[in-house]
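A.B. asks: sequence and predicted structure, then a few things I'm wondering about:
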Amino acid sequence: MLELDGLTKRYGDRLALDGVSFAVGDGRLTGFVGGNGAGKTTTMRIVLGVLAADAGAVRLDGRTVTATDRRRFGYMPEERGLYPKMKVLEQTVYLARLHGWSTAAARRNATELLERLGLEERLDDTVESLSLGNQQRAQIAAALVHRPDLLILDEPFSGLDPMAVDVVQGVLADAAAQGAPVLFSSHQLDVVERICDDLVIIADGRIAAAGARDALREEHGTARWELLTGGDAGWVRDVPGVEVVGFDGGWALFEPESDASRQAVLEEAVRRGEVVSFTREQTTLAQIFKEVVQ
Ligand SMILES: Nc1ncnc2c1ncn2[C@@H]1O[C@H](COP(=O)(O)OP(=O)(O)OP(=O)(O)O)[C@@H](O)[C@H]1O
């Protein structure tokens, strides 16, 4: 488990991180979200050791992270760092070799990963000749080719089409399934919401919320319910103890004042005919984000 404990960082007068603490569990895909300038990149750079914190600690499995531990980390930086004129496969193999892999094993890993990421026809092309989305895939291969024990990725999904998002998600989920803690930042809340196990929300250098995605959804959930029927759902307004907050034909969004009034809506819907669905309103990450960041 990776633990960040009370990280503080100043750039001159600007307090970029103010006591940032959270954990990234083994095998957990952890989404790191926050507005522009909230402190995500600064936090990741401190974990990687490319930036020193003014205070606080980074621990791996209970002890302070060392340079040797960091050699086993995989990092995809915000400023993409591949050599533009080097060929995709050659470069990926080279990076694995730097981490001590034999040429044959590095080549095997690199080829397998690049193929998985959909770059099998671009192996001998230079990085600069690739589209931005394909450069992004190559960058992800570069972060993963040495089979790291832990992954830190700054915006791995930016610029990817929906198919590529799914492929990259699969690659990261596999790394997590091997037991690696995976921390990735993203502004694409819908993507984060779909794929992460855990969530960390940062605002102005402070952690605004952190925990399992489903627990956060539950914690920030509304008390609203949605009914979808085959007919007109206007009658819901007349059910005692129910406030209708949204209505459109057969659909009604309502807030019951008790379990009994909620149940009364369902019973009446069943009595009247076809119930298509009856569910508690799902809280989105965007809603949680707005709530905790304000
Ligand atoms: N080298 C630097 N010198 C001065 N201030 C900096 C430096 N790097 C970052 N900052 C400031 O620190 C704060 C946090 O920046 P950081 O890049 O960590 O945010 P972020 O969450 O990654 O933002 P974004 O989503 O826009 O990439 C911002 O106010 C930023 O302007």
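C.D. replies: Noted; the coordinates are in hand. Residues are numbered from 1 along each chain as shown.

A.B. asks: tell me, what residue is most central in this structure?
C.D. replies: Centroid-nearest residue in the chain: residue 31, 2.7 Å away (criterion: Cα atoms, centre = their mean).

A.B. asks: tell me the contacts of it?
C.D. replies: Remark: with contacts taken as Cβ atoms under 8 Å, 6 or more residues apart in numbering, residue 31 is in contact with 184-186, 192-193, 195-196, 198-200, 213. The C-beta positions use only the backbone N, C-alpha and C, and glycine is treated the same way.

A.B. asks: can I get those residues in TSV with distance to residue 256, pLDDT and secondary structure?
C.D. replies: Shown next, in TSV, are the contacts of residue 31 (distance: Cβ to Cβ, whole Å; pLDDT from 0 to 100; DSSP: H, G, I helix; E, B strand; the rest coil):
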residue	distance to residue 256	pLDDT	secondary structure
184	38	97	strand
185	38	96	strand
186	35	94	coil
192	31	94	helix
193	26	92	helix
195	32	92	helix
196	31	94	coil
198	31	97	strand
199	28	96	strand
200	33	97	strand
213	26	94	helix
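
A.B. asks: residue 86: how many residues sit nearby?
C.D. replies: 14 (other Cβ atoms under 10 Å).

A.B. asks: repeat for residue 122
C.D. replies: So residue 122, with other Cβ under 10 Å, has 21 neighbours.

A.B. asks: once you drop chain neighbours, what's closest to it?
C.D. replies: Spatially, and ignoring its direct neighbours in sequence, residue 122 is nearest to residue 88 (5.5 Å; Cβ to Cβ, 6 or more residues apart in numbering).

A.B. asks: distance check, the residue nearest to the centre of the chain against residue 182.
C.D. replies: 9 Å (Cβ to Cβ, to the nearest Å).

A.B. asks: same thing with residue 44?
C.D. replies: 12 Å.

A.B. asks: which one's more surrounded, those two?
C.D. replies: Neighbour tally, residue 44 and residue 182, criterion other Cβ under 10 Å: the higher count belongs to residue 182, 27 against 22.
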